[in-house]
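**Student:** here is a sequence with its predicted model. Questions after.
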Number of protein chains: 2
Amino acid sequence: MTEVCTLSYCYLCLKSGCRYVSKAAPKTQVECDYDGPAMKTQVPGPRSQELTKQLGEIQNVGAVNFFCNYNESRGNYLVDVDGNRMLDLYTQISSIPLGYNHPALIKLMAHPDNLSTIVNRPALGILPPGNFPEKLMESLLSVAPSGMTRVQTMACGSCSNENAYKAMFIWYRNKERGHNTPSAEDLSSCMVNQGPGCPDLSILSFMGGFHGRTLGCLATTHSKAIHKVDVPSLDWPIAPFPKLKYPLEEFARENAQEEARCLEEAEDQIVKWRHKGKPVAGIVIEPIQAEGGDNHASPEFFKSLRNIARKHGCAFHVDEVQTGGGCTGKFWAHEHWGMDDPGDIVSFSKKLLTGGFYHKNELQPYRIFNTWMGDPSKNLFLTEVLNVIRTENLLEEVTRSGKALLNGLYELQTQYPGILSRARGQGTFCAIDVCDDATRTSIILKARNKGVVLGGCGDRSIRFRPALVFKEYHVHLFLNIFNDVLAQHK
Amino acid sequence: MTEVCTLSYCYLCLKSGCRYVSKAAPKTQVECDYDGPAMKTQVPGPRSQELTKQLGEIQNVGAVNFFCNYNESRGNYLVDVDGNRMLDLYTQISSIPLGYNHPALIKLMAHPDNLSTIVNRPALGILPPGNFPEKLMESLLSVAPSGMTRVQTMACGSCSNENAYKAMFIWYRNKERGHNTPSAEDLSSCMVNQGPGCPDLSILSFMGGFHGRTLGCLATTHSKAIHKVDVPSLDWPIAPFPKLKYPLEEFARENAQEEARCLEEAEDQIVKWRHKGKPVAGIVIEPIQAEGGDNHASPEFFKSLRNIARKHGCAFHVDEVQTGGGCTGKFWAHEHWGMDDPGDIVSFSKKLLTGGFYHKNELQPYRIFNTWMGDPSKNLFLTEVLNVIRTENLLEEVTRSGKALLNGLYELQTQYPGILSRARGQGTFCAIDVCDDATRTSIILKARNKGVVLGGCGDRSIRFRPALVFKEYHVHLFLNIFNDVLAQHK
């Protein structure tokens, strides 16, 4: 069991140069975690309800779960404003890499050299700080996907994908022209949104995919109707994503057939849209469809799709906004494909703390620009996150915890076949289906009142997105509570 | 003349509770500024050039001016990595409200309570921090535009406008339906990007306008072809923005005619697009077209346009991303119109440190959501920025400095009629035209080598975007250097 420390204590001892090291930890590992959930009220409690009412006067609170005390949250535990302490398997929609208030990040804040990076947000595209190349090397480039040496930061996931699409369009037009210089007609027609300057190019996406909710991204997002309805869109092609049976290894033959069907359809769409006069400049896909319901596909599927992209001259964009950052047991989910040349573009955000995208040399994103182009203070934190991932061997931990989690889910679905099915996962990036949406909601709310934060995805899945510091100990803690909840539903 | 302090000194004295107060300052004003430019090399100097080469291996550096030492930058002075200290009239494309390393912001960083806000970035839409409503009240709502009590934060300017457009589309569809619930057909058709779920609605924008560079925003941006070329767009209407003569008061009659022409054209476009089956859900406009060349229009123009929007049932979106935050002498540029009901949506970013948009109650942005929805650490800084604006009467200072600046520009254009023309401005948000683009570039580079950072906009304008702490003293410092540069060009 881990000792508990308060944030101010952490901060103070870090400032004075000492390190708070858990006595239980064998290595140089810095720990700062509570020893389990502790519930004082139902969630949302009275304070959260009061604050929801207050915030409701200012903005839409339809999606607010409860209000948090981030000061008191620590490691895998999220503390709310009513003093409830919950084991967090959702981590702010999968965006907290090392849990809450990791001492390494607090320490970074205490260093006076870092103050000016946080206080003065520069326009990175024109006036980068002197340490920007070095920080990019230490952070994003130290985990660059195979074949990619270039990276562009952005402020969020949607901006990352929007700008990645633009890079693919510009690359495609340069290829069509045979050079990089737009014609006078290109330049004049684009000013009034018309071709040839604004070309009728398209991006191929997949049913069930999620790539963000700004207009360009939204045209490639097909996970939930409520994300898309009432917003104008673009007539771009959409291919089916394989609907596989789990566990994958038990249904290898059927799954391969399903994947072949989807690949054929994807290629058909590319041909069809070319004939329509709206050629596919790029294909965008998630290694695991996350918002859409944790839909997996095999490495062979992605290899074949990559070849289809090559064959038809489309760029291949791997969207790792949710899968990137170590949660699958490898830093990038596409590493599981075992390819030297996994894509032309890999976009990221969430656990990487900054948005952005890697790209191959050929896809020089000239003319990709905005005021902030990301935020170097986030790179600073990312550098430290990567250090911790390395020194604490967190990818191994994720693999170990992930196995325990998936095995536990297999056991539970055997035990509760009327409620649970289709357990699946890679690393701790796991999910399980619930018999129906109402039961799912009820399970998630009951789990929360027992001190476990979960999230849903797709029509009736629960997705598990713990931080990288989620250990086997936490897995068993979670499985016990989850079992209690399920027993009540039986 | 102001005393100089180092950042670490500032930080140390703030931590220990004392305040570094300039002896020259009459009030409680905290100052931290250098006493003038100091140049050691040409800009970019050797170190900047070396870093540009390094960064060029990682990303496109076509727009990089030079590399900065943000640690040593202070107040109105930007210091580069070669030790050059420059008076900054561009402030990271108008996004640094109080100059560099303002002591109030440094102080905020030293407070342990703020650590967790910076270290743990929450998913604001589902798990906001307990102090979020309070911080919104203290910051954004304390400067809410007339008639607007609701605000949604976003990560950057483009996301702010993208989501504001979505809010207008959803509002318009709700109005068309007579209720807020999409039909089954809406929901099924939108999943494949088709109507009626993805409706053929449009946004009316203006030639010369700039609203961001993601796909939706880019369809309303018409400032430079190079921003738009090679990116697919939407067939949305575009009206002419008035091309006025300056000084405005000298050409009142001609300018009124030009504005009438543009208003008529705008209304025609709305009618035309409705007949085309692509009704205009909203009109988006900047109070001063910034990127497009600092184009002004009269309060009467905006009042009439607001009425046209009302008449045709279009939402009216005022984009204050560049004009907001005090640089025109009022907190919002639209306050100069003197209207109780200036718009339905006001979007912001840059000097506000966080992106986002205010909106009227009727435009409830249900279904506006993403993972981060902004960043509460930026609200924290914004609260402090607003405190400083109030306690130091910075809007008055801006008005005073702005007058001195514009008068100085008038004098210079009289003195150098072959080079300069069309001086114009509101507060310190000023601009002047140069005879041609090549001369403009040469002037900007020469000014930089003499220790003044300037930026361009439009085809041949120089825009002035100093921080709110730019005093009359700095105006005269600038005008002297600018005069020297112009004398060389004569």
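**Tutor:** Yes, it's here. Numbering: from 1, shown residues only, chains lettered A, B, ... in the order given.
**Student:** nearest residue to A:Ser158 in space, please, no chain neighbours.
**Tutor:** Spatial nearest neighbour of A:Ser158, excluding adjacent residues (CB to CB, 6 or more residues apart in numbering or on different chains): A:Gly212 at 3.4 Å. C-beta here means a position set from N, CA and C on the backbone, and glycine is covered the same way.
**Student:** so the one you found lies in a helix, does it not?
**Tutor:** No - if the criterion is DSSP: H, G, I helix; E, B strand; the rest coil, then A:Gly212 is coil and not within a helix.
**Student:** how about the contacts made by it?
**Tutor:** The contact partners of A:Gly212, by CB atoms under 8 Å, 6 or more residues apart in numbering or on different chains, come to A:157-158, A:161-162, A:218, A:221, A:321, B:370.
**Student:** next one: A:Ile96
**Tutor:** A:88, A:351, A:467, B:120-121.
**Student:** just the pLDDT for A:Cys32.
**Tutor:** For A:Cys32, the pLDDT comes out at 66.
**Student:** assign the residue of the stretch 251-400 of chain A found nearest chain B to helix, strand or coil.
**Tutor:** Shortest the stretch 251-400 of chain A-to-chain B distance, computed as CB to the nearest CB: residue-wise this is A:Thr371, at 4.8 Å. Recorded secondary structure, A:Thr371: coil (three-state DSSP).
**Student:** how many residues are close by it?
**Tutor:** 24 (other CB atoms under 10 Å in any protein chain shown).
**Student:** isn't it up against B:Ala63?
**Tutor:** No - contact between A:Thr371 and B:Ala63 fails when scored by CB atoms under 8 Å: they sit 11.4 Å apart.
**Student:** still on that earlier bit, got phi/psi on the residue nearest to the residue of the stretch 251-400 of chain A closest to chain B when sequence neighbours are not counted?
**Tutor:** Sequence neighbours aside, B:Ile93 is the residue nearest to A:Thr371 in space, at 4.8 Å (criterion: CB to CB, 6+ apart). As for B:Ile93, its main-chain torsions (degrees, to the nearest 10) stand at phi 50, psi 50.
**Student:** I'd guessed B:Ile93 sits against B:Ser349; true?
**Tutor:** No - B:Ile93 is beyond contact range of B:Ser349, at 10.5 Å (criterion: CB under 8 Å).
**Student:** burial count for A:Asp80?
**Tutor:** Neighbours around A:Asp80, by other CB under 10 Å: 27.
**Student:** which residues does it bridge with?
**Tutor:** A:Cys68 (DSSP bridges).
**Student:** which residues touch it?
**Tutor:** By CB under 8 Å, 6+ apart, the contact set of A:Asp80 is A:43-45, A:47-48, A:66-69, A:86.
**Student:** any idea which element the residue nearest to the spatial centre of chain A lies in?
**Tutor:** Nearest to the mean C-alpha position of chain A, by CA atoms, centre = their mean, lies A:Gln322 at 1.4 Å. For A:Gln322, there is no enclosing helix or strand under DSSP states H and E.
**Student:** quick check: phi and psi on the closest residue to it other than its chain neighbours?
**Tutor:** With CB to CB, 6+ apart as the criterion, A:Gln322 has its nearest non-adjacent residue at 4.0 Å, and that residue is A:Ala290. Backbone geometry at A:Ala290, expressed as degrees, to the nearest 10, gives phi -90, psi -70.
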